[in-house]
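Asks: Quick one, fold the following:
(one chain, ligands or ions: 1)
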Amino acid sequence: MKQKLALLGGPITKMTPFGKGKRFGLEEARQLMEALEQNTLFYHFGSKVKQFLADFNEMYGVKYSVATSSGTAAIHVALGAAGVTVGDEVITSPITDQGTLIGILYQNAIPVFADLNPDTYTMDPASVERLITPRTKAIVVVHLAGNPCDMDPILEMARSRGIKVIEDCAQAYLTRYKGKLAGTLGDYGCFSTNDFKHISTGDGGIVTVNSGDESDYHTAHAFADKNYRRFGTSVQRDLHYIAPNYRMTELQGAVGIAQLKKLNWICSTRNRYGERITEGLRGIPAIRPPAVTPGGECTYWFYMFRLELDRLTCSRETFCEALAAEGVPNRAGYIPDVCYMQPLFQERHAYPGSHFPFEGSSVSYERGICPNAEEILRTAVQVPISEFYTEEDVEDIIRAIRKVALWYAKD
Ligand SMILES: *Cc1c(COP(=O)(O)O)cnc(C)c1O
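Replies: Have a look, this model is predicted:
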């Protein structure tokens, strides 16, 4: 039975407000007070960043990690530590935050975009393999919206060729792949604690150094601190090559300690809600729910499904409007277009007045190079998920999507 859409004057599906909650409380405040009482906010002198990393390492089962000022910084540090340099090629995803790309360009390396699986929205290993050249130095996989990439084939092709694998886990806290945590699978795992991620320190990031090798850890650590080698009581300031200052402060570390304690609950709740929405959307005409990568466990930073537009009498814009009118906030797609359509790539300008490092490179940024990724962004609808939502909120989201789809479905 079709129900008249709220957009057309019918009843509104979502009548109760969505669940809300406080992300920060006395735990964070107490940690911050302790940080201030140290009389220093410098990570190397205080104990908060150290404790934050120790807690993170324990949770992730890793030996070494480095704190940074952002997720973008974390990825740059991993690239720098991996030795990515002038003229190297780095394969990555065309649907991501630009923070994935900035470090690649700052190292004067060239991003190469691999196509995605049409249902998991993560990098297709076959596409990655086709793009490998003798210049490929690293692969930055993006576990989009908390869904893991299909890591086994990617790790295998990388290891056999000496290519480094960096995991962008900014949207993927406690995401698992075949039982293992995303961020511990490649050579480096990069996390963001910006204010929009599963946990927040205002801004901040973490890089795991998965080789467990002390000298790799020292290299990564120094790359986040101007290449100062600050270990124990000695500081070595010899500069062999440049590195930025991406240090985390004690204030961020303090908040991070308290936030980490909430992470299990945040991720398990989001996992449950995301799985429930997918189950609820099955069989609804013209709706293509996302797929979790086989062997994966997704922690849903957001929930994104696709419309089969040829089976609908409306455009995606109208669908989104109708869904919003039912009381379910949403947006069309994620980023407006694939990353390589940005003027930076179209005009091959990483730096004003220069085409470096693109000149002489035959890497393509033409429309159509990643058809699945382009199609995902043309047909996707994103609804936010929050750990503060109630079970009822989740059912209302499903009911609203079903109602709008049934109204506009051709069949
Ligand atoms: C948020 C995000 C980043 C960048 O993190 P910042 O902390 O904002 O610098 C990188 N990659 C992805 C996939 C992200 O979602």
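Asks: Quickly check: the helix or strand in which residue 190 is found near the ligand or not.
Replies: Per DSSP states H and E: residue 190 is located in strand 188-192. Yes: judged by C-beta under 6 Å from any ligand atom, strand 188-192 comes into contact with the ligand at residue 192. Every residue, glycine included, has its C-beta placed from N, CA and C.
Asks: which helices and strands does the next helix or strand after that strand pack with?
Replies: Downstream of strand 188-192, the first helix or strand assigned by DSSP H and E is strand 205-209. If contacts are counted by 3 or more C-beta pairs under 8 Å, 6 or more residues apart in numbering; DSSP states H and E, strand 205-209 sits against helix 48-60, strand 64-68, helix 71-81, strand 188-192, helix 214-223.
Asks: and these as a markdown table, adding mean pLDDT, distance to residue 87 and mean neighbour count?
Replies: A markdown table is the format used below for the helices and strands packed on strand 205-209 (pLDDT from 0 to 100; distance: least, C-beta to C-beta, whole Å; neighbours: other C-beta atoms under 10 Å):
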| stretch | mean pLDDT | distance to residue 87 | mean neighbour count |
| --- | --- | --- | --- |
| helix 48-60 | 98 | 33 | 19 |
| strand 64-68 | 98 | 25 | 27 |
| helix 71-81 | 98 | 14 | 29 |
| strand 188-192 | 98 | 21 | 29 |
| helix 214-223 | 97 | 19 | 19 |
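Asks: As JSON lines, the ones you listed with distance to residue 157 would be great.
Replies: Output for those, formatted as JSON lines (distance: least, C-beta to C-beta, whole Å):
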{"stretch": "helix 48-60", "distance to residue 157": "24"}
{"stretch": "strand 64-68", "distance to residue 157": "25"}
{"stretch": "helix 71-81", "distance to residue 157": "19"}
{"stretch": "strand 188-192", "distance to residue 157": "17"}
{"stretch": "helix 214-223", "distance to residue 157": "21"}
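Asks: okay, residue 239: pLDDT?
Replies: Listed pLDDT for residue 239 reads 86.
Asks: Could I get the phi/psi values of it?
Replies: Torsion angles at residue 239 (phi, psi; degrees, to the nearest 10) stand at phi -100, psi 110.
Asks: residues touching residue 273, list them.
Replies: 300, 303, 385, 389, 394 (C-beta atoms under 8 Å, 6 or more residues apart in numbering).
Asks: For the ligand, tell me which of those residues show up nearby.
Replies: Counting by C-beta under 6 Å from any ligand atom, no member of the contacts of residue 273 reaches the ligand.
Asks: shaky segments in the stretch 1-150 of the chain?
Replies: Across the stretch 1-150 of the chain, nothing is flagged by pLDDT under 70.
Asks: near the ligand, which residues of it show up?
Replies: 70, 71, 72, 96, 97, 99, 100, 142.
Asks: nearest to residue 229, of the helices and strands packed on strand 205-209?
Replies: Nearest to residue 229, of all the helices and strands packed on strand 205-209, is helix 214-223, at 5.0 Å by C-beta to C-beta.
Asks: then the closest one to CSV, C-alphas only?
Replies: What follows is helix 214-223, C-alpha atoms only, in CSV (Å, rounded to 0.1, in the frame of the first residue of the first chain):
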residue,chain,number,x,y,z
GLU,A,214,61.8,0.2,16.5
SER,A,215,63.6,2.0,13.7
ASP,A,216,60.4,2.3,11.6
TYR,A,217,58.7,3.7,14.7
HIS,A,218,61.5,6.3,15.2
THR,A,219,61.3,7.3,11.5
ALA,A,220,57.5,7.8,11.8
HIS,A,221,57.8,9.6,15.1
ALA,A,222,60.4,12.0,13.8
PHE,A,223,58.4,12.7,10.7
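Asks: what residues does the strand holding residue 190 touch?
Replies: 60, 62, 70-72, 74-75, 77-78, 81-82, 99, 164-170, 173, 182-183, 197, 204-210, 220.
Asks: before we move on, back to that, so can I have JSON lines of the residues of the stretch 1-150 of the chain next to the ligand showing distance to residue 279?
Replies: Converted to JSON lines, these look like this (distance: C-beta to C-beta, whole Å):
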{"residue": "70", "distance to residue 279": "35"}
{"residue": "71", "distance to residue 279": "31"}
{"residue": "72", "distance to residue 279": "35"}
{"residue": "96", "distance to residue 279": "27"}
{"residue": "97", "distance to residue 279": "28"}
{"residue": "99", "distance to residue 279": "32"}
{"residue": "100", "distance to residue 279": "31"}
{"residue": "142", "distance to residue 279": "25"}
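Asks: what ranges do the helices span in the stretch 1-150 of the chain?
Replies: 26-37, 48-60, 71-81, 99-106, 125-131 (DSSP state H, counting those that start in this stretch).
Asks: can I get the ones you listed in a markdown table with distance to residue 268?
Replies: Converted to a markdown table, the helices of the stretch 1-150 of the chain look like this (distance: least, C-beta to C-beta, whole Å):
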| stretch | distance to residue 268 |
| --- | --- |
| helix 26-37 | 19 |
| helix 48-60 | 13 |
| helix 71-81 | 22 |
| helix 99-106 | 26 |
| helix 125-131 | 28 |
